[in-house]
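could you look at this predicted model? Sequence included:
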Amino acid sequence: MKKVLIAVVIVLVATALYFYNFDKNYRNLLGKQLKASYILHNPDKPLPKFSLLDHNRQLFDNERLKKGWSLLLFIYTHCPDVCPTELLDMSQLKNLMAKDKTAHMPTVVAITFDPLRDTPEVLKEYITHFDKDFIGVSGEQAQIDQLIKPFGAYYERVIYDKKGKPVTLKAGEKLPKGSLEKGYVINHTAWIYLINPKGEIFAGFPSPHKTSEMMQDIKLMMDSF
């Protein structure tokens, strides 16, 4: 009996090592063919469980990311330049894919860094201005902060004190009283992430985003998945 158990353990370890090396080799081979993105896939590090709201106040959780491929980005609606540029890029990418009969556009999901100001209603007006099919997501700040960690995304708020001096607040730091009324800006990363149908981070696109190269990379990754 002991020998049988040892044999089973050996088989299980060998199988695990085989699939680990296969996945690693697959990612390395695929990564060398990409022009605008980087493979980030690590099935051993799934996204944390989250429960947020889309711009129609419908539940947006891990299961919503398992309905197909998604392009996910983090934004805020008061952003003066980076966020609208990213969403325009996504709109342009969708148009390019519509013209390419061999391509299929992933669902675009924009999650706000700033749910205090970006309610679902605010997001709906903002997001659908770029495309009616894009999805805006808001919810509790703590859940959003937890969700961004595995992406390596980063943000900080910049407010101004009574003397007009800028003060930087890291993610999770509480806003001083009156900051919402006075306003603030958010410095943040501008990556766009490709999520596979298992709801896992698959790849990342750093800025600036070249939509024609993004399209080719997305087609390659989706076709080889």
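Here it is on my side, so go on. Quick caveat: nothing in here was measured; it's all calculated off a predicted structure. Numbering: from 1, shown residues only.

which SS class is the residue most central in space within the chain?
When C-alpha atoms, centre = their mean is applied to the chain, the residue found nearest the centroid is residue 72 (3.5 Å). What DSSP: H, G, I helix; E, B strand; the rest coil gives for residue 72 is strand.

now stretch 194-202, how far from the centre of its chain.
The chain centroid and the centroid of stretch 194-202 are separated by 9 Å under C-alpha atoms, centre = their mean, to the nearest Å.

pull the residues that contact it.
37, 39-43, 46-47, 62-63, 65-72, 106, 109, 150-151, 193, 203-205, 218, 221, 225 (C-beta atoms under 8 Å, 6 or more residues apart in numbering). From N, CA and C alone the C-beta is placed, and that goes for glycine too.

which among the residues you listed end up buried?
Using 16 or more other C-beta atoms under 10 Å as the burial test, the contacts of stretch 194-202 include 37, 39-41, 47, 62, 65, 69-72, 106, 109, 150-151, 193, 203-205, 218, 221 as buried.

ok, back up a step: the residue nearest to the centre of the chain is in contact with residue 134, isn't it?
No: using C-beta atoms under 8 Å, residue 72 is not in contact with residue 134; the gap is 11.2 Å.

list residues touching both of these two?
Common neighbours of residue 72 and residue 134 (criterion: C-beta under 8 Å, 6+ apart): 109, 110.

need the contact list for the residue nearest to the centre of the chain.
Counted by C-beta under 8 Å, 6+ apart, residue 72 has contacts 65, 109, 110, 111, 192, 193, 194, 195.

could you rerun that using 6 Å?
Contacts for residue 72 were tallied using C-beta atoms under 6 Å, 6 or more residues apart in numbering; they are 109, 193, 195.

return the residues in contact with the nearest residue to the last one once chain neighbours are set aside.
Take residue 195 and drop its neighbours on the chain: the residue closest to it by C-beta to C-beta, 6 or more residues apart in numbering is residue 70, 4.2 Å away. By C-beta under 6 Å, 6+ apart, residue 70 lies in contact with 106, 107, 109, 195.

so can I have a markdown table of those showing pLDDT and secondary structure?
Listed next are the contacts of residue 70 as a markdown table, based on pLDDT from 0 to 100; DSSP: H, G, I helix; E, B strand; the rest coil:
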| residue | pLDDT | secondary structure |
| --- | --- | --- |
| 106 | 97 | coil |
| 107 | 98 | strand |
| 109 | 98 | strand |
| 195 | 98 | strand |
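
and of these, the nearest to residue 54?
Comparing those against residue 54 with C-beta to C-beta picks out residue 109 as the nearest, at 8.5 Å.

that closest one reaches residue 135, doesn't it?
Yes: here residue 109 reaches residue 135: they are 4.9 Å apart, a contact under C-beta atoms under 6 Å.
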